[in-house]
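Novice: okay, sequence plus prediction incoming.
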Amino acid sequence: MESVKFKSRNICMDRFAEKLAEYLFTNSDEMKPSTGNLINMLDMLDIGLFFLNPNGIVLEEPSTCFQNFFKENIIHDISFLELLNGRVPEKTIHDTSEYLNLMFDDEHDEKTLNELNPLKEVEVYSKNDHGLWSDPRHLSFTFKRFKNSHGEQSLIGLVRDGSSVVELLKKLEDVEKKNHRQIQWLISLLHIDLPLLNEFVSVIEYELARIDLIIKSTQTGTEFSTIIPKLVRSIYHINSSAVIMNLDFFTKESFRFKDEIEAIKNKPDVNGHDFVPIVMGLGNMHRMLSEIKELMKHIKGLDNSLRTTRRFDGGLIIRLVENLINHLTELSGKKIILKYHNFDYMGIPFKYRQIIKEFIIALTRFVIEFGIESADKRKSLNVNPAATIEIASELNKNVFTLHFRHDGNLIQIERILQQSLDEHQKALYDNNKIENCMHPGSEVMRLFLNPDISMLDNKGTSEGKQIMNDFELVKKKLKMHGGRIKVVFTSESFCEYTVTIPFPAKTKNTISHS
Amino acid sequence: MGQPTKLMIVDDSSIIRKLIQNYLNEYNIEIVGEAGDGKSAVELFKQLRPDIVTMDIVMPEMDGLSVIDEIRKIDSSIKIMVVTALSDKSTGIEAIKRGAKSYVIKPFTPDKLKHAFSKLLQ
Amino acid sequence: MRESDLHFFIDSTLNYFEEVTREKAQTGIPYLKSVDPVVLDYTGIIGISGKRKGSIYITASHKMLEYLAQIILKQSYVSNTDIKDLIGEIANTISGNVRQAYGSDFMISVPVVVEGHAKDITMPDDFQAFVIPITWKSYQSFLVVCLE
């Protein structure tokens, strides 16, 4: 990568070398005493000077600067190509050899040959005190013909270190790329409330750390395939969180990560090799998370000055649900209208807001996955292609109630109901084993809400099972808080989940005013 | 049995030097010297004038390709077998261009080494 | 660093053990190196320059290297010098073999050997380092790769 400045410096060097050659060697014997001073001056300017005889040997007393570039103490009476050996790629040495041969032959025009100089800009390597390769230097060599005092064609060489410019340019390029990327990310992040963003980051951090631990603690000899379900679970949480935050740049990476895990899931013989793409993906996500956290520091300041009233906070949960619906319907060919005008998030006792939010998200996923058909299917059943999900809430004296209703056609429920009835019938037929059958209604409830049973035609996709597991977990959490869930479904009409949760008991420190 | 072939082993790893010795002991050879870096390899070569040299590439002081150049200046008929971890084609080509007659990539089995060495005895 | 980079190093490592000992080694699941040190009794470090910059190191226990040296040299006694030499040679061979994939622009240094449990081996800050656990005959060692 050649900057304008670097290029112009090279041009200056070419002219400088030309003048220098004339200056030094037109009156060679008289000029000799001044050569030493000139070399010192060049050293101070960080320009290395050396001379090559017709055999390409570096003549005595090249400048200190030249020696420093190669980190060698004695650098004369050796072949210039030998000097480059091991420091530049072999092809460059070969090209340099050809170039120098032509330079020593004054039948070829020097200016033309200078265009072919392979050392115009070259990375030169050297070893540090420990014998390890140190950072390369970007050196620029210029050669000029001159006839020495014996009339032999020789070359004067000048070398300059352009490393600082090149490094600066590279840093600039990297910074520009990073800035561009971060601006795009910032735009995505700005629309998310900071507490939600913090929560998102916590979830991702937790799950990435969990994945790290799972991978690190898997010893050779363990069936590698046994850890895949654990990885699947973690990536599911990461993807879910990214989707409801509507962070495209993150979801792209997390879904790619998920695809890598899925790819090895079905392999018959999983070995350590196979996890390489997963580990690379993990590395990318760690990097992204670090950058997100860096950006959040900037957002924090903005958030304090732009923060709107608390009343607006209630819209966040709805936005999350809308994001989720948009994402899931895009993938599944379903259309859904969300209604929420009777939903008051602020009415939820503060203590239960988190769990209610989790319940709504889990139930929305569950319903879209299992309860609502595609738009085409609905059309073929002569119902509105767009299904409706309605969320409402009410607050009575001691109880908060959440209503979640949808008008999915409940084909799955109907089929299960039918299956259950058929089994019941069969049991009646088969030696009166009716006492072993459950009541169809409860059977449906059991099947419907049991995470181990698949209700899909294609018996249980991984995603489907995750959704059911999540829903089951959230239900348990709700029950721990004293919540109750009732499901009412009316075939061909709607299905409504009602969650009731009592207000938390008042603490003894309540101050009473007389 | 004729005079043993004089062999000099050049490698910065003492394990590799021992290994080469062990693997080649069935041949009628005499290990006349060993060197652990490029510069001492050149000096030792001047003193010992072996018939065959095994040569590593990545070494301290002077790399193997440079050593090949130097010792061929002293004796252009010297037979050299390069033994290196550098498995890229261009290194191999370069070594052959500079005068190596045979080439083995580490890690090597006894058979591989013997097969490459036997070419030098032909 | 790309997936193919890790694959090259894993293949090179497995090839080394198979060729030298005729017994296959197994690699565990690679993972990102964190601040926790990954250092055993002996460590061989190689610096990498050229088109790709970085470094790699392999670290192993005294017992493993001793056993490996005994197999290689076919002798029951091996010195500490042999063991130190071996870890350097392993690092050199693994990185040298990877050049087949990268070409001659992938320049490797002479190995540097660290003896004893150093606090940690410093890797370049700018790039992520990946740890590849290697198990050979129930001995565990680690190859750590950090490449641009």
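Specialist: Sure, I can see it.
Novice: run through chain A and note the low-pLDDT ranges.
Specialist: Applying pLDDT under 70 to chain A picks out residues A:1-36, A:71-75, A:127-135, A:219-222, A:301-314, A:409-462, A:491-492, A:504-514.
Novice: give me the domain ranges for it.
Specialist: The record's domain parsing of chain A by automatic domain parsing lists A:4-161, A:174-307, A:320-502.
Novice: among these, which is nearest residue B:51?
Specialist: domain A:4-161 (26.5 Å; CB to CB). Glycine gets a C-beta too; all of them are placed from N, C-alpha and C.
Novice: residues of chain B that sit close to chain A?
Specialist: Counting by CB under 8 Å from any CB of the partner chain, chain B comes close to chain A at B:60, B:63, B:65-66, B:69, B:90-91, B:94.
Novice: now these in CSV, with distance to residue C:74?
Specialist: Shown next, in CSV, are the residues of chain B next to chain A (distance: CB to CB, whole Å):
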residue, distance to residue C:74
B:60, 28
B:63, 30
B:65, 31
B:66, 33
B:69, 35
B:90, 34
B:91, 29
B:94, 33
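Novice: from these, which two are the most distant?
Specialist: B:60 and B:90 (22.1 Å).
Novice: name the nearest residue to the closest residue to chain B within the stretch 251-400 of chain A, ignoring sequence neighbours.
Specialist: Relative to chain B, the nearest point of the stretch 251-400 of chain A is residue A:273 (19.7 Å; CB to the nearest CB). Excluding its sequence neighbours, the residue lying closest to residue A:273 (CB to CB, 6 or more residues apart in numbering or on different chains) is residue C:10, at 5.8 Å.
Novice: tell me which residues are up against the helix or strand where the one you found lies.
Specialist: If you go by DSSP states H and E, residue C:10 is part of helix C:3-21. Contact with helix C:3-21 is made by A:272-273, A:276-277, A:279-280, B:107-109, C:23-27, C:30, C:52, C:56, C:58, C:68, C:71-72, C:90, C:93-95, C:97-98, C:101-102, C:130, C:132, C:134, C:136, C:143, C:145, C:147, as judged by CB atoms under 8 Å, 6 or more residues apart in numbering or on different chains.
Novice: pull the longest helix along chain C out as PDB, backbone CA atoms only.
Specialist: As assigned by DSSP state H, the longest helix anywhere in chain C is helix C:80-102. Taking Å, rounded to 0.1, in the frame of the first residue of the first chain, the C-alpha atoms of helix C:80-102 are listed here in PDB:
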ATOM      1  CA  ASN C  80      17.300 -32.800  29.700                       C
ATOM      2  CA  THR C  81      19.100 -31.400  26.700                       C
ATOM      3  CA  ASP C  82      17.400 -33.900  24.400                       C
ATOM      4  CA  ILE C  83      14.100 -33.100  25.900                       C
ATOM      5  CA  LYS C  84      14.500 -29.300  25.400                       C
ATOM      6  CA  ASP C  85      15.800 -30.000  21.900                       C
ATOM      7  CA  LEU C  86      12.800 -32.100  21.100                       C
ATOM      8  CA  ILE C  87      10.100 -29.500  22.100                       C
ATOM      9  CA  GLY C  88      11.900 -27.000  19.800                       C
ATOM     10  CA  GLU C  89      12.100 -29.600  17.000                       C
ATOM     11  CA  ILE C  90       8.300 -30.400  17.400                       C
ATOM     12  CA  ALA C  91       7.400 -26.700  17.200                       C
ATOM     13  CA  ASN C  92       9.800 -26.300  14.200                       C
ATOM     14  CA  THR C  93       8.400 -29.300  12.300                       C
ATOM     15  CA  ILE C  94       4.700 -28.400  12.900                       C
ATOM     16  CA  SER C  95       5.200 -24.800  11.700                       C
ATOM     17  CA  GLY C  96       7.500 -25.800   8.800                       C
ATOM     18  CA  ASN C  97       5.000 -28.300   7.500                       C
ATOM     19  CA  VAL C  98       2.300 -25.700   7.500                       C
ATOM     20  CA  ARG C  99       4.400 -23.900   4.900                       C
ATOM     21  CA  GLN C 100       3.100 -26.400   2.300                       C
ATOM     22  CA  ALA C 101      -0.200 -24.600   2.500                       C
ATOM     23  CA  TYR C 102       1.000 -21.100   2.900                       C
END
